[in-house]
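S.K.: Any chance you can model this:
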Amino acid sequence: MLAGQLKGVSMDAPHSWRANPASTLYGRWRLAALGAIALLCPSPGCSVYMAAVGSRDPDMGLVHRGATRGEIEMQLGPPIQTSDGADGGRVDVYEYEIGNEPSAGRAACHGVMDFLTLGIWELIGTPIEAAQGETYRATIWYDERDTVLSVNHSPD
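M.R.: Numbering: from 1, shown residues only. Model (predicted):
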């Protein structure tokens, strides 16, 4: 077949028929390498964020008999469970964490380690931050005026 007989095919552009670079062996290797890097290097910043945010320790001195429900919720947050108590009162169960205060120093250390290890520190730093603090539960009995009658604390 002669070159002039092919319609729409230019013989002047010898590379116009070249396949997509991703389908060549080099292109596939390069895509596989980029995919592996993306999977193996977690996104930096999780441990930094967790250390910087944390949660404020409640002032347990304010959680006592005679306190109001509003005062309790300012310290412990909303209850995770509420039920009706005897004599028109109620029983609330609160969950709170102690020992995970926000820390700019911890966040800065995690950030430096992320930078020095190109993000690999997250494999160690994130579990460390996830283990910070201890969770407790408080069961509080209120009277009909939402005044504390009794408090019971226990580790979760």
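
S.K.: How far does stretch 146-156 sit from its chain's centre?
M.R.: Here stretch 146-156 is found 29 Å from its chain centre; the criterion is CA atoms, centre = their mean, to the nearest Å.

S.K.: immediately after the least confident helix or strand in the chain by mean pLDDT, which helix or strand?
M.R.: Here the helix or strand of the chain ranked lowest by mean pLDDT, DSSP states H and E is helix 25-40, holding a mean of 68. Next helix or strand after helix 25-40 toward the C-terminus (DSSP states H and E): helix 46-53.

S.K.: Could I get the average pLDDT for the helix or strand just after that following helix?
M.R.: Following helix 46-53 in sequence order, the next helix or strand is helix 69-76 (DSSP H and E). Computed over helix 69-76, the mean pLDDT rounds to 94.

S.K.: likewise stretch 149-156?
M.R.: pLDDT averaged over stretch 149-156 gives 85.

S.K.: Residues touching that stretch, excluding its own?
M.R.: Residues from elsewhere that reach stretch 149-156, judged by CB atoms under 8 Å, 6 or more residues apart in numbering: 60, 63-65, 89, 95, 134-143. (Each C-beta comes from the backbone N, C-alpha and C, glycine too.)

S.K.: between those, which is nearest residue 101?
M.R.: Closest approach to residue 101 among those (CB to CB): residue 134, at 12.4 Å.

S.K.: Any idea what the closest one is bridged to?
M.R.: Taking DSSP bridges as the rule, residue 134 bridges to residue 98.

S.K.: Noted, bye for now.
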